[in-house]
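J.: Any chance you could fold what I've pasted below:
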Amino acid sequence: MKISILTLFPEMFQGPFDVSMIKKAQEKKLVEIEYINIRDFGIGKHRLVDDTPYGGGNGMVLRVDVLYKAIERVRNSKLKKDEEKIILLGAHGKTFNQKIAEKFSKLKHLIIICGHYEGFDERIKNFVDEEVSIGDFILTGGEIPAMLITDSVVRLIKGVLRDGSAALESFSPFLEHPQYTKPQKYQDLSVPEILLSGNHKDIETWRKKESISITSKLRPDLIK
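T.: Coordinates of the predicted model:
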């Protein structure tokens with residue numbers, strides 16, 4: 001899989017993607033991550049990427065012509081429509097969740113466009129597949145959301161995690177069951193006896209029940 005991140009600040013990604021799981025996934029050639037500097041497609045001598053909003057208002061707006069050139073630079077014309085997706089990070093989008101992460105992980109190419117300043121010229125939405133938000137709050141730019149989405153998608157690519165481990169995590173489809181490790185007893189708190197039984201079938205049944213119970217209490221919206 002390939003992930004292309006269109007950003008004004010590619011240097012922000014140095015570090016987060018150079019360690020741990022994502023670093024290993026890149027070393028194994030399971031994923032390729034590239035950073036495209038939007039300013040490389042800017043207008044004129046000073047590589048302008050934004051301008052004042054029509055109708056007045058505060059701040060600057062990213063230009064549609066600049067963003068379109070950046071998109072065209074990274075698109076792969078050889079891929080089918082369901083193999084490549086262009087997403088815009090913005091407050092108007094559908095809230096990102098595990099189901100969307102799973103859908104994105106099956107793509108051959110994911111293109112993520114990071115916003116900044118006062119947002120995008122609205123016309124850019126005619127050249128993307130969908131808009132995605134990570135929640136009802138405001139950030140300075142789309143770089144941190146892009147990191148979050150990339151991390152959640154990469155870990156679902158086959159071969160990145162130990163087989164089957166992702167299926168046991170939260171939102172697959174319920175919240176994850178409780179986890180315990182040594183010491184077996186701490187102060188007056190003990191590990192549930194069932195986990196010490198060695199009966200893997202009973203342990204699996206217990207974990208499923210706990211998962212559903214926790215989800216019902218904390219996130220009933222996830223229960224169908």
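J.: ok, and what's touching the longest helix seen in the chain?
T.: In the chain, ranked by residue count with DSSP state H as the criterion, the top helix is helix 200-218. The set of residues external to helix 200-218 that reach it, using CB atoms under 8 Å, 6 or more residues apart in numbering, is 174-178, 192, 194-195, 197, 222-223. All C-beta spots, glycine's among them, are computed from the backbone N, C-alpha and C.
J.: so which of the residues you listed comes closest to residue 6?
T.: Of all the contacts of helix 200-218, the one sitting nearest residue 6 is residue 222; the distance, using CB to CB, is 32.3 Å.
J.: count of residues packed around the residue lying closest to the closest one once chain neighbours are set aside?
T.: Setting aside the residues directly before and after it, residue 222 is nearest to residue 215 in space (CB to CB, 6 or more residues apart in numbering), at 5.3 Å. In terms of burial, residue 215 registers 20 neighbours under the definition other CB atoms under 10 Å.
J.: what separates residue 215 from residue 208, distance-wise?
T.: Distance of residue 215 to residue 208, given as CB to CB, to the nearest Å: 11 Å.
J.: Tell me the buried residues in the longest helix of the chain?
T.: Taking 16 or more other CB atoms under 10 Å as the neighbour-count basis, helix 200-218 is seen to contain the buried residues 203, 206-207, 210-211, 214-215.
J.: follow-up on the earlier one: between all of the contacts of helix 200-218, which two are at the greatest distance?
T.: Spatially, the most separated pair among those is 197 and 222, at 28.6 Å (CB to CB).
J.: if I read this right, residue 43 contacts residue 63, doesn't it?
T.: Yes. Between residue 43 and residue 63 there is a contact under CB atoms under 8 Å: 7.2 Å.
J.: The two - which one has more neighbours?
T.: Just comparing residue 43 and residue 63: by other CB under 10 Å the higher neighbour count belongs to residue 63, 21 against 14.
J.: what helix or strand is the residue nearest the centre of the chain on?
T.: Geometric centre of the chain, nearest residue: residue 149, 0.9 Å, by CA atoms, centre = their mean. Residue 149 belongs to helix 143-154 when elements are defined using DSSP states H and E.
J.: So what touches that helix?
T.: By CB under 8 Å, 6+ apart, the list of residues contacting helix 143-154 reads 1, 3, 5, 7, 9, 12-13, 16-17, 21-22, 25, 30-31, 33, 87, 89, 96, 98, 101, 104-105, 110, 112, 114, 132-134, 139, 160.
J.: Which ChimeraX command selects the buried ones in those residues?
T.: Once 16+ other CB under 10 Å is used to decide burial, the buried members of those can be selected in ChimeraX as follows:
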select :1,3,5,7,9,12,13,16,17,22,25,31,33,87,89,96,98,101,104,105,110,112,114,132,133,134,160
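J.: Now intersect the contacts of helix 143-154 with the strands, please.
T.: Among these, DSSP state E puts 3, 5, 7, 33, 87, 89, 110, 112, 132-133 in strands.
J.: Between which two of those residues is the distance greatest?
T.: Taking CB to CB as the measure, those reach their widest spread between 33 and 133, a distance of 21.6 Å.
J.: can you give me phi and psi for the closest residue to residue 115 other than its chain neighbours?
T.: On the basis of CB to CB, 6+ apart, the spatially nearest residue to residue 115 that is not a chain neighbour turns out to be residue 142, at 4.6 Å. Backbone geometry at residue 142, expressed as degrees, to the nearest 10, gives phi -90, psi 0.
J.: Quick check, residue 142 in contact with residue 120.
T.: No. Distance between residue 142 and residue 120: 9.8 Å, which falls outside the contact criterion (CB under 8 Å).
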